[in-house]
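Colleague: Quick one, what's the 3D model for this:
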Amino acid sequence: MIKIGTRGSKLALWQANWTQAQLKENGYEAQIDIIRTKGDVVKDRFDKMEGKGFFTAEIEHALLNGDVDLAVHCLKDLPTQSPPGLKIVAIPEREDARDCLVSKKPLGKNADGTFNLNGLTVGTSSNRRVAGLKVHSPEAEFVPIRGNVPTRIQKMVDGAADVIVLAQAGLNRLDIQQDDLHFYPLSVDELVPAPAQGALAMQVRENETRALDFLHHAPSAAASDGERRVLRAMEGGCQMPLGVYIEAVDGAFQIRVFRGAHGNSDEPLRFQHRAADITTLVDETLEALKLT
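Modeller: Okay, the predicted model is just below:
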C-alpha cells in the first residue's frame with residue numbers, strides 16, 4: 001500500500017486522485033492522506049511570509065518521517081532543491097502552463113492586443129502576475145486575494161475584485177466552466193508563466209525502490225527543470241516577480257524570461273532566446289543574463 005500525501009484543496013485532491021488512479025492501473029494499491037501546510041493555515045500575502053515551501057514543507061516532513069510514501073506537489077511550489085533524503089521521482093505530462101483572466105464582465109483590449117485592465121480591480125497575490133499585467137495595464141488596481149480556485153472565484157463574484165488571475169492548469173483539471181463568467185487565457189508573451197507552472201512533481205524518499213517511471217513524462221520534465229535552473233540562478237522563490245517558460249518551436253526550443261522591477265532595478269527584464277536543445281538554451285540564457 002502506497003500512502004499518498006497531499007494538501008486538502010479540491011485541486012490538490014484532484015491531483016492525488018489522478019495519481020492514485022495511475023498507480024492502480026499499474027498494479028499498486030494506494031490511499032490518500034491529507035496534510036495541512038503553512039500556506040493553507042496562514043492567510044498572509046506570500047511576500048509577508050518567511051521562508052519557502054509554504055505549501056510543501058509539512059508534506060515533505062511527513063515523507064521523511066515515513067508517515068506517507070509519495071508526495072504529490074505542484075512543481076512550481078517546491079523549492080529548487082529537495083531536502084536531504086528526498087528526491088523527485090517523476091514529473092507527469094504538463095498541463096496548460098498559461099495564466100487565465102476570469103471576470104464578471106467582458107474585457108476590452110489595448111491597441112497591441114493585450115487585455116485592458118485599466119480602471120479595474122484585479123485580484124491576485126502573485127508578485128509575478130502583478131508585475132506582468134502592470135506592463136500593459138498600469139492603471140489597474142491590484143488587490144491580494146487568496147484561497148483555493150473555487151474560493152477565489154466566489155470572492156470575485158461577491159465583489160472582492162472585478163477580475164482574478166488563475167492558472168489555466170487548475171481550471172482545466174477541475175473542469176471549471178461557469179456561463180455567468182468570462183475566461184480569457186493569456187498568451188505566454190502577455191504574461192510569462194511561473195517556472196514549472198502546470199507541472200506536477202512526485203516526491204519520494206531517496207531509498208524508494210518501486211519503479212514509478214510510468215508517471216514520468218521526459219519532455220515536460222526537461223522543460224520544467226530548465227525553467228527551474230533559471231529560477232535557482234536568480235535565487236528566487238514564489239515571491240520573486242519572475243516568469244520563465246520553455247517550449248518546443250520549429251524543431252528547436254525557445255525560452256521566455258520576465259522579471260518585474262526587483263531590487264535596484266526600476267525596469268522589468270525581458271529576454272527571449274532559441275537553441276537546439278534545452279541544456280544549451282539554459283546555459284546561454286544564464287550567460288546572457290550574467291547569472292553564471
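Colleague: what residues are up against the closest residue to M1 other than its chain neighbours?
Modeller: Sequence neighbours aside, E29 is the residue nearest to M1 in space, at 5.1 Å (criterion: C-beta to C-beta, 6 or more residues apart in numbering). Every residue, glycine included, has its C-beta placed from N, CA and C. The neighbours of E29, taking C-beta atoms under 8 Å, 6 or more residues apart in numbering as the test, are M1, I2, L23.
Colleague: Could you measure from E29 over to L63?
Modeller: 18 Å (C-beta to C-beta, to the nearest Å).
Colleague: Need the contacts of E29 in TSV (columns: secondary structure and pLDDT).
Modeller: TSV is the format used below for the contacts of E29 (DSSP: H, G, I helix; E, B strand; the rest coil; pLDDT from 0 to 100):
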residue	secondary structure	pLDDT
M1	coil	94
I2	strand	96
L23	helix	97
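Colleague: show me where the stretch 151-292 of the chain has helices.
Modeller: Using DSSP state H, counting those that start in this stretch, the helices of the stretch 151-292 of the chain run over residues 168-174, 218-233, 278-288.
Colleague: which of the residues in the first one are buried?
Modeller: What it means is helix 168-174. Neighbour-count burial for helix 168-174 flags Q168, A169, G170, L171, R173, L174 (criterion: 16 or more other C-beta atoms under 10 Å).
Colleague: which one among those gets closest to R229?
Modeller: A169 (20.9 Å; C-beta to C-beta).
Colleague: wait, the closest one sits on L200?
Modeller: No: contact criterion C-beta atoms under 8 Å: A169 and L200 do not qualify, at 9.2 Å.
Colleague: Report the mean per-residue pLDDT for stretch 195-211.
Modeller: The pLDDT scores in stretch 195-211 average 95.
Colleague: Could you do stretch 229-245 as well?
Modeller: Per-residue scores along stretch 229-245 average to 85.
Colleague: Compute the first-to-last residue distance for that stretch.
Modeller: With C-alpha to C-alpha, to the nearest Å applied, stretch 229-245 spans 11 Å between its terminal residues.
Colleague: Now for G27, how many residues are close by?
Modeller: Residues near G27, counting by other C-beta atoms under 10 Å, number 7.
Colleague: what about it, helix or strand, and which?
Modeller: Applying DSSP states H and E as the criterion places G27 outside every helix and strand.
Colleague: What confidence value was assigned to it?
Modeller: With respect to pLDDT, G27 has a value of 96.
Colleague: Next one: it from G5, what distance?
Modeller: Taken as C-beta to C-beta, the span from G27 to G5 is 21 Å.
Colleague: Grab the nearest non-local neighbour of A275.
Modeller: Closest residue to A275 apart from its sequence neighbours, by C-beta to C-beta, 6+ apart: L281 at 3.8 Å.
Colleague: try A221
Modeller: I91 (4.0 Å).
Colleague: Grab the most central residue of the protein for me.
Modeller: The centre of the chain sits closest to Q197, judged by C-alpha atoms, centre = their mean, with a distance of 3.2 Å.
Colleague: residue contacts, it?
Modeller: Q197 neighbours (C-beta under 8 Å, 6+ apart): K76, A97, D99, A167, A169, Y245.
Colleague: go again using 10 Å as the cut-off
Modeller: Residues near Q197 by C-beta atoms under 10 Å, 6 or more residues apart in numbering: 74-76, 94-99, 128, 167-170, 224, 227, 243-245.
Colleague: for G8, same thing?
Modeller: For G8, counting by C-beta under 10 Å, 6+ apart, the contacting residues are A16, I32, D33, I34, I35, R36, T37, D40, N148.
Colleague: The fifth one touches E58, doesn't it?
Modeller: When you say that, I think you mean I35. Yes: shown here, I35 and E58 form a contact pair, counting by C-beta atoms under 10 Å, at 5.4 Å.
Colleague: of the contacts of Q197, buried ones?
Modeller: Counted by 16+ other C-beta under 10 Å, the contacts of Q197 give 74-76, 94-99, 128, 167-170, 224, 227, 243-245 as buried.
Colleague: How about R270, nearest residue that isn't a chain neighbour?
Modeller: R270 sits nearest to F258 (C-beta to C-beta, 6+ apart), 5.7 Å away.
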